[in-house]
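Student: coordinates only, sequence not included:
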């Protein structure tokens, strides 16, 4: 069975969605909250509960991310294997992630732990480009624990 060739618009949409997903990782790891504003719709619904986070609308989750990520000296969100289903001006994507996180110990060394899972995204095309309207993070596994005494704020 052969597949129909992709139109130039479908190719462009897929590349732009991949760029959007990469922009998310760049914004999170760089703590660039203004860049993150261009990833989500202003009223996007985001659910990070499987990783110990919160569920809410983008402004609430953005403020929480700033507090929650502040104690970490480093994070690196790596994404791969993004399955995208285009439906006109809407799309769904399921993208694997691998996320090492590190916080400084009192002696200055780095306490590392690792998280893997999937981002389940509903996306929409806007005049400014593709944006995430809904994200559910599905943590599949974690290796290691938070550093002793470190508490992620609500």
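Tutor: Thanks, I have the structure now. For clarity, every value in this text was computed on a predicted model and none was experimentally measured.
Student: For the closest residue in space to residue 94 that isn't next to it in sequence, identify the helix or strand it belongs to.
Tutor: Nearest residue to residue 94, sequence neighbours excluded (Cβ to Cβ, 6 or more residues apart in numbering): residue 83, at 4.9 Å. For every residue, glycine as well, the C-beta is placed using N, CA and C. Under the criterion of DSSP states H and E, residue 83 resides in strand 78-87.
Student: cool, and residue 36?
Tutor: Per DSSP H and E: helix 33-37 holds residue 36.
Student: List the buried residues for that helix?
Tutor: residue 36 (16 or more other Cβ atoms under 10 Å).
Student: Show me what the helix or strand following it is in contact with.
Tutor: On the C-terminal side of helix 33-37, the nearest following helix or strand under DSSP H and E is strand 40-47. Outside strand 40-47, the residues within contact range by Cβ atoms under 8 Å, 6 or more residues apart in numbering are 55-59, 61-62, 124, 126, 131-137.
Student: Name the nearest residue to the residue nearest the centre of the chain, ignoring sequence neighbours.
Tutor: Nearest to the geometric centre of the chain sits residue 24, at 5.5 Å (Cα atoms, centre = their mean). Spatial nearest neighbour of residue 24, excluding adjacent residues (Cβ to Cβ, 6+ apart): residue 39 at 4.8 Å.
Student: Identify the residues contacting that neighbour.
Tutor: Taking Cβ under 8 Å, 6+ apart, one finds 20, 23-24, 27, 131-132 in contact with residue 39.
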